[in-house]
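1. okay, predicted coordinates and the sequence, questions at the end:
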Amino acid sequence: MAASMDNIRIVLVNTSHPGNIGGVARAMKNMGLSRLYLVKPKRFPAEDAVWRAASARELLDHAVVTETLDEALEGCGLIIGTSARERRIPWPLLDPRQCARQVQEESSQHPVALLFGREDRGLTNAELRKCHYHVHIPTSEDYSSLNLAAAVQVIAYELRMALIEQGSVDRGLVRDWDVEPASNMEMEYFYEHLEAVLMQIDFIDPVTPRQSMTRLRRLFNRVRMDRMELAMLRGVLTNVEKVCK
Ligand code: SAH
């Protein structure tokens with residue numbers, strides 16, 4: 001099946017400067033992307049956004065504004081977070097080209113989200129923990145942080161190049177899975193359930209719980225569970241709860 005640019009969401013989290021939102025809209029339209037999601041922007045709609053968007057104004061008009069990141073991720077089967085620097089616990093990491101190939105393969109099957117962070121401090125660890133992969137744009141070691149719209153431009157350009165490549169060579173890499181992937185919200189409910197059970201059986205100490213859940217999230221994000229597999233694990237957790245009562 002052909003990859004679909006319509007299934008690719010660019011999600012900007014908590015953007016401070018509306019000019020950057022406009023710059024992102026323009027970068028997206030140049031590269032053939034149209035789905036812009038804004039999670040709690042500081043100021044939007046705004047004149048500077050329209051000004052910077054130039055002929056990409058309609059992307060701003062159709063932008064989906066949400067209160068929470070989870071709302072913007074609704075229905076997405078693949079979530080990729082961008083990061084300007086290394087984080088404490090390493091996560092499966094792609095470069096922009098690998099990211100584009102992954103997105104190409106999966107966007108024919110389900111919506112895909114690419115997350116971009118705040119101008120001053122990027123994405124929080126909690127936001128990055130929701131991602132299946134992280135992507136880092138290689139830069140000079142002296143200064144690794146690109147302007148937000150410039151970062152979107154690089155990632156979107158690679159998506160464009162992957163699309164062109166895919167048109168000329170059918171690499172036949174698209175997997176035909178029998179069950180839909182678990183959605184972001186289903187995974188969030190699963191993690192809540194898992195954490196509660198792990199506390200109940202004294203595996204997690206409620207006083208110092210955080211690191212184990214991060215590692216477990218990373219494990220399950222690598223596995224990419226489908227709905228049926230997730231339902232089985234929820235069933236296992238429910239039975240553990242029954243036995244422990
Ligand atoms: N000071 C912040 C950088 C924020 S830059 C930090 O240390 O995280 C704003 C956003 O642009 C980032 O959240 C990310 O989405 C994107 N970005 C900037 N530079 C990037 C890079 N080298 N690789 C990937 N994304 C980058």
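-> Perfect, thanks for sending it. Numbering: from 1, shown residues only.
2. quick check: mean pLDDT across the lengthiest helix in the chain?
-> Among the segments of the chain that qualify as a helix by DSSP state H, the longest is helix 148-168. Averaging pLDDT along helix 148-168 gives 91.
3. show me how far that helix is from its chain's centre.
-> Distance of helix 148-168 from its chain centroid, counting by C-alpha atoms, centre = their mean, to the nearest Å, is 16 Å.
4. buried residues in it, which are they?
-> Using 16 or more other C-beta atoms under 10 Å as the test for burial, helix 148-168 gives 148-149, 151-156, 158-159, 161-163, 166. To be clear about C-beta, it is placed using only N, CA and C from the backbone, and glycine gets the same treatment.
5. then stretch 63-75?
-> Buried residues in stretch 63-75, defined by neighbour count with 16+ other C-beta under 10 Å: 63, 66, 69, 72-74.
6. can you pull the contacts of the closest residue to residue 160 other than its chain neighbours?
-> Excluding its sequence neighbours, the residue lying closest to residue 160 (C-beta to C-beta, 6 or more residues apart in numbering) is residue 31, at 4.5 Å. Neighbour list for residue 31: 153, 156-157, 159-160 [criterion: C-beta atoms under 8 Å, 6 or more residues apart in numbering].
7. coming back round to it: which one of the buried residues of helix 148-168 is nearest to the ligand?
-> residue 151 (3.5 Å; C-beta to the nearest ligand atom).
8. hang on, the closest one packs against residue 116?
-> Yes. Because the distance of 6.3 Å satisfies C-beta atoms under 8 Å, residue 151 is recorded as touching residue 116.
9. what sits in contact with each of those two?
-> Common neighbours of residue 151 and residue 116 (C-beta under 8 Å, 6+ apart) are residue 82.
10. so which of the buried residues of helix 148-168 are also by the ligand?
-> When contact is defined as C-beta under 6 Å from any ligand atom, the buried residues of helix 148-168 meet the ligand at 148, 151.
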